[in-house]
Each structure stands twice: as C-alpha cells, then as structure tokens.
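[1] Got a sequence here, can you model it:
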Amino acid sequence: MEILKDFFYTTGFATLTLGNTIMILIGIVFIFLAITKDYEPLLLVPIGMGAIVGNIPMAAGMSLSVYDEGSVLSYLYFGVSAGVYPPLIFLGIGAMTDFSTMLSNPKLVLLGAAAQIGVFLTFFGALWLGFQPTQAGAIGIIGGADGPTAIFLASKLAPDLLGAIAIAAYSYMALVPVIQPPIMKLLTSREERLIRMKPPRKVSKREKMIFPVAAFLISTMIAPGAVVLLGMLFFGNLLKESLVTERLAQTARTAMIDVVTILLGFAVGASTQADTFLTQNSLQIFGLGALSFAIATAGGVLFAKFMNLFLTEKINPLVGAAGVSAVPDSARVVQMVGQQEDPHNFLLMHAMAPNVAGVVGSAIAAGVLWSVLT
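    Numbering: from 1, shown residues only. Got it, this is the predicted structure:
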C-alpha cells in the first residue's frame, strides 16, 4: 500500500488543479471546433493538443514543460519566444500569395491600411487599462488578425504575455466567419452589398517580379522594424514570381510552412499552463483582442464607404472587411456575405487585394510599434 501511495503522488492526478482541468477542456474545445466546424483546423488542432499537453501536471524534479530550461518542449518553444517561426511562416505565405488583384486596383490597398486602425485604437485602450506601453503595443497588434505577426511582436515587446496574445490572435483568426458577417451587415445597406465591381485587369509578369523588391524597399524604409517579416514575405513572393525558383517556392509554400505551423501551434498551446495563463491579464487581452478585431473590420468597411463619396466606379463596402490580414478567410467571408444578397456577384478576387494588403499593413504596424516603443 505504501508503494501504491508513493506511486499515486507521482501521477498527474495527485497535483491536478482546477486551472489545469479548465485549460485541458479549452484544448478539447479547440480540437472539437476545428474538426466539427472547420474553424482554422491547421491552427486549432495543434494549439488544442498543445494546451492539453502543457497542462498535464508534472512530478517534482522532472523538467518537461516549455518553461523548464533544457526540456524538449523548451527547445520547441524557443522558436516562438525568439521570434524564429513567424518569419518562416511569412516566407511560405509570400510563396503562395498572388498580389495581382492588388496591383490591378491599387486604391484597394487603402482598405488594408484603414483596417489597421484597430491596432492603434486597441493600443490606447490597453494603456487605459494599465498595461505598460510595450505590452499595449503587443496586445494591439491582435487587431491585425495576423497570428505570426502578433507572436513576433509579443516576443520582442511583451514575452510575459506571449501565450495569451498568441492564443487570442489565433482564436479570432479562426472565428472570422462568426465575428465579421454581423459587423459587415450592420454597417452596410442592401444596395451597397449589391454593388458589382469591374473584373481586375491582367497584371504582367514583369510587374509581378518588380513588385516584391519595390514593395519591400518602400515598406521597410517607412518601418525598418518590419524588415524581418516583410523581407521573408517578399522573398517568398519573389521565389514564386521569378519563374526560375519554382522548386524553392514549392517547398516554402508546402512542406516548410506545414512543418513550422505544426511546431508553432503546438508550442504556443503547450505554453498555456494554467498558472501562467489563467490570469486577469489574459482575460483583458481576450477582451481587447475581440474589440480590436471588430474595430479593424469596421474600419475597413467604413473607409470603403468614405472612398465611394469620391469615386465614380464604386467599391462594394463589404470588400473593406477583408483589410484584416486573415488570409484568405476574410476574403472568403466577403464572398459569402456578398452572394447572400446576389448569388452572381463575385467579390473574392476584389477582396483578396485588401486582404494581402492587410498582411503587409499589419507587419508595417508591428514594425512601427516596435521601433517607437523600444
């Protein structure tokens, strides 16, 4: 009996807390939503499983968690805490992104910029709640709906809040089809949702090859802090558009980004240990994140309505909602909401322009915040 008693105290059951149980249940909910609702399964399945793994109580003296120096999980988590994984994901995103729709109608870039208002308004909201300026900057970037950018900036400005910020960013990315449609319908009339836009013009191969180099130079001169993220994004796009490095582009947008996504998602999930994650700060971050995402969506829609005051060829305001950088989910939501009003109105290609502009915009916003707050 004494042996059995000693064995029991080495099991997870002996030290399992209510917090651990809550986080394990949250991990199960993430997996359930990913499988049954198809909410960003490539993200929520690794994060959900990581949250379950990270909240199994460890026996005393065993170094197993992401916060235990020298543990296997700590080495995997190093890619998150040091900001290694996000640029690699940007490389893959660049290799799979087609900037043609943005180049064919450059004014739609403004919608991607307008959506970044959510980032900066949330920054001031976080300051008002008592967060430090660096922490507020890392929280604000959640409004860009760009998980890798949020992780990268949090690793530089607020490592202590990294887990909560990462989970909030990816959660709201997964909930794009739930959060955005009500806001889009509330801010637009049926007549506006029925607006049809001209098909985008055909962009030449030369334009596509020049763009990544030119865009990188312009963007990073504005925000040098974004040089790593944008450098990898446009490098990946150059691999795709140069037509002479297709093998490298294929690897970047398939095997490499899949491997990095697995490691990043699992490591982020494993970092959500109850004692470090279930805090008042985490709840405030989730609240601010939801507000930030809603403001970013509204900002894009309202700015499209503002632009229509001066344009002869009107923009369907729904397209402005794609200014958040949840690629390509927010563009798909625009298509879905538009076709609910008119099944023959195809907005997807138009929505991809502010969508990819939002990726660049969120990286620039992160670079600006990093430069200013350090």
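[2] So which residues make contact with the helix or strand where Asn20 lies?
    In this assignment (DSSP states H and E), Asn20 forms part of helix 18-36. With contact meaning CB atoms under 8 Å, 6 or more residues apart in numbering, helix 18-36 is reached by 39-41, 43-45, 47-52, 54-57, 174, 269, 272-275, 277-278. No exception for glycine: its C-beta is placed from N, CA and C like everyone else's.
[3] The helix or strand following it - what's its average pLDDT?
    Where DSSP H and E defines the elements, the next helix or strand beyond helix 18-36 is helix 41-54. Summarised as a single mean, pLDDT over helix 41-54 is 92.
[4] Following element in sequence after helix 41-54, please.
    Next helix or strand after helix 41-54 toward the C-terminus (DSSP H and E): helix 72-81.
[5] tell me which residues of the helix holding Asn20 are tucked away?
    Residues of helix 18-36 classed as buried by neighbour count (16 or more other CB atoms under 10 Å): 19-20, 23-24, 26-27, 30-31, 33-34.
[6] Please determine how far the closest residue to Leu153 other than its chain neighbours is located from Leu103.
    Among residues not flanking Leu153 along the chain, Ala366 sits closest, at 4.5 Å (CB to CB, 6 or more residues apart in numbering). From Ala366 across to Leu103, the span is 23 Å (CB to CB, to the nearest Å).
[7] Have a look at those two and say which one is more surrounded.
    Neighbour count, other CB atoms under 10 Å: between Ala366 and Leu103, Ala366 has more, with 33 against 19.
[8] where do the helices sit along the stretch 51-200 of the chain?
    72-81, 85-96, 100-104, 109-114, 117-128, 133-140, 147-157, 162-174, 176-186, 190-193 (DSSP state H, counting those that start in this stretch).
[9] Centre-most residue in the protein?
    Asp146 (2.0 Å; CA atoms, centre = their mean).
[10] re the thing from before, mind checking what secondary structure the residue nearest to Leu153 has?
    helix (DSSP: H, G, I helix; E, B strand; the rest coil).
[11] what about the longest helix in this structure?
    helix 280-308 (DSSP state H).
[12] What ranges does the stretch 201-350 of the chain have for its helices?
    Under DSSP H, counting those that start in this stretch, the stretch 201-350 of the chain gives helices at 205-222, 227-241, 246-251, 257-270, 274-277, 280-308, 329-341, 348-373.
[13] any chance of those in JSON lines, with distance to Tyr170 and mean pLDDT too?
    Listed next are these as JSON lines, based on distance: least, CB to CB, whole Å; pLDDT from 0 to 100:
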{"stretch": "helix 205-222", "distance to Tyr170": "24", "mean pLDDT": "94"}
{"stretch": "helix 227-241", "distance to Tyr170": "17", "mean pLDDT": "95"}
{"stretch": "helix 246-251", "distance to Tyr170": "24", "mean pLDDT": "96"}
{"stretch": "helix 257-270", "distance to Tyr170": "7", "mean pLDDT": "94"}
{"stretch": "helix 274-277", "distance to Tyr170": "14", "mean pLDDT": "84"}
{"stretch": "helix 280-308", "distance to Tyr170": "10", "mean pLDDT": "90"}
{"stretch": "helix 329-341", "distance to Tyr170": "12", "mean pLDDT": "92"}
{"stretch": "helix 348-373", "distance to Tyr170": "14", "mean pLDDT": "91"}
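[14] Out of the ones you listed, which is closest to Pro159?
    helix 274-277 (11.5 Å; CB to CB).
[15] So the residue nearest to the centre of the chain versus Val327, what's the distance?
    9 Å.
[16] Check Ser371 too.
    25 Å.
[17] Neighbour count for these two, which is higher?
    Higher neighbour count among Ser371 and Val327: Val327, with 20 against 12, using other CB under 10 Å.
[18] Great, nothing more from me.
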